[in-house]
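Asks: What follows is a predicted protein model with its sequence.
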Amino acid sequence: MDFIIKELKSVNNPRSIHGIYPYRGKIAALDAEQILSQMPKGSIVLDPFCGSGTIVYEGLKYGLHTIGVDANPIAVTLSNGKIHIPLSFQEVKDEVDNLINKANALSEVPTAADYPTSLFHEKSLDEIMRMSVFYDEMSDYVKACFLGTIALTARGCNDYKWTSSTVGKNIEPKRYIPFYEKLQLKVKKHFLPIANDSTVYYEDSRNLDKIIKPNSVDFIFSSPPYFDCLDYTAYYARIIYDILGYERIQIRSRLIQNFENYKEDMKKVLDKLHKVLKPGGQVIFVVGDKKIHGKVINGAEYFQAISPFKRYSIMERSYSGTSSKVFDAINKTERKEQIVIWTK
Ligand SMILES: C[S@@+](CC[C@H](N)C(=O)[O-])C[C@H]1O[C@@H](n2cnc3c(N)ncnc32)[C@H](O)[C@@H]1O
């Protein structure tokens, strides 16, 4: 007898705060948790390249006081959004409903730049531009959801055909995505308030000593930027900078991600990390093998060579079930991820 499917229940991805926005190079929450859960409660944990705030948020679940720093304004907005969620959903709902009313009532809508104009359905972009007028007055959580909904809508307008490597590809005809409705759904989906014991700074980590006192941090835990692949100002970020009127080139020039200066810049950060860490404190850097000009560089060895820390250990693991694994299969490479631990 033929097999007949009688019923198909809809499936949902688990509710996670980190799905708020597709930030590039996010560390897996479970990987972060494995390490954070082993730190003594009450410890002060700094992530000097906090990105979308995975470590900052997950650390709170384990009673840690977390500090995040990033020089990309989108990263800071997302991190702040995750740690500043109001306790009452009604408050968020009212805020968003009010924003939609005000956006709809605008008689003049700001003109969008050419790049977003080429990517969105006209009607979806009109809703985004209307709402962007009120960006500065949004609460942190709604701001983060606003950015996430822009990314989602951009992908939707292009028929959901963008993959992580084809973001920005022009797919015609554009599909209308109701932006306001998507925002309403997003604020509901990621509404996972957590007791806040974090501070997030918009700063260049080479200047860390401007914001963090010497000998004040118990742990530093981070997945640092690398020199060969990810541009944190590209993809969805580029669309958002254009909508909010941020200068992409200026932001990019402050980020460590160029091969030429990488060693020198990272050395500056490591020296600052050494300064702010308490004696006996530890730095945990999630790094990995990188292929440069056909040669595989061991991330841990690379970092060890520029580190001011004398005491260190390295743990290594293979990728499994990640996009890195897929990358390796396609490129016939076999890279590993290393965790470097330095002790002051
Ligand atoms: C691998 S990502 C971190 C991702 C993060 N763990 C997460 O889960 O979202 C590296 C981050 O370093 C930031 N970055 C690059 N140069 C920086 C600098 N000079 N100061 C502070 N942050 C910087 C980038 O903006 C990016 O967010």
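Replies: Arrived safely. What you see is a predicted model; the values in this text were computed from it and never measured. Numbers count the residues shown, from 1 in each chain.
Asks: pull the longest strand from the protein.
Replies: Taking DSSP state E as the criterion, the chain has its longest strand at strand 277-288.
Asks: Counting by contacts, list what the helix or strand immediately after it in the chain packs against.
Replies: Following strand 277-288 in sequence order, the next helix or strand is strand 290-292 (DSSP states H and E). Packing partners of strand 290-292 (3 or more CB pairs under 8 Å, 6 or more residues apart in numbering; DSSP states H and E): strand 295-297. The way it works is simple: take the backbone N, C-alpha and C, and place the C-beta from them, glycine included.
Asks: Can you name the residues of the protein that neighbour the ligand?
Replies: 23, 25-27, 49, 51-52, 54-55, 69-72, 75, 204-206, 223, 225, 232, 254-256 (CB under 6 Å from any ligand atom).
Asks: Tell me the strands beside the longest strand of the chain, with direction?
Replies: When pairing is defined by DSSP bridges, strand 277-288 lines up against strand 217-222 (parallel), strand 336-343 (antiparallel).
Asks: Now it: buried residues?
Replies: Neighbour-count burial for strand 277-288, counted by 16 or more other CB atoms under 10 Å, picks out 277, 281-288.
Asks: any low-confidence regions in the stretch 1-150 of the chain?
Replies: Counting by pLDDT under 70, the stretch 1-150 of the chain has low-confidence residues at 1-14.
Asks: residue ranges for the helices of it, please.
Replies: Secondary structure of the stretch 1-150 of the chain (DSSP state H, counting those that start in this stretch): helices at 29-36, 54-61, 73-83, 89-105, 114-119, 122-132, 140-157.
Asks: In this structure residue 67 contacts residue 44, no?
Replies: Yes - between residue 67 and residue 44 there is a contact under CB atoms under 8 Å: 6.9 Å.
Asks: winner for burial among the strands paired with strand 277-288?
Replies: strand 217-222 (a mean of 24; mean count of other CB atoms under 10 Å).
Asks: Pick out the residue of the stretch 1-150 of the chain closest to the ligand.
Replies: residue 51 (2.6 Å; CB to the nearest ligand atom).
Asks: residues in contact with that residue?
Replies: 23, 25-27, 70, 72, 75, 78-79, 223, 232 (CB atoms under 8 Å, 6 or more residues apart in numbering).
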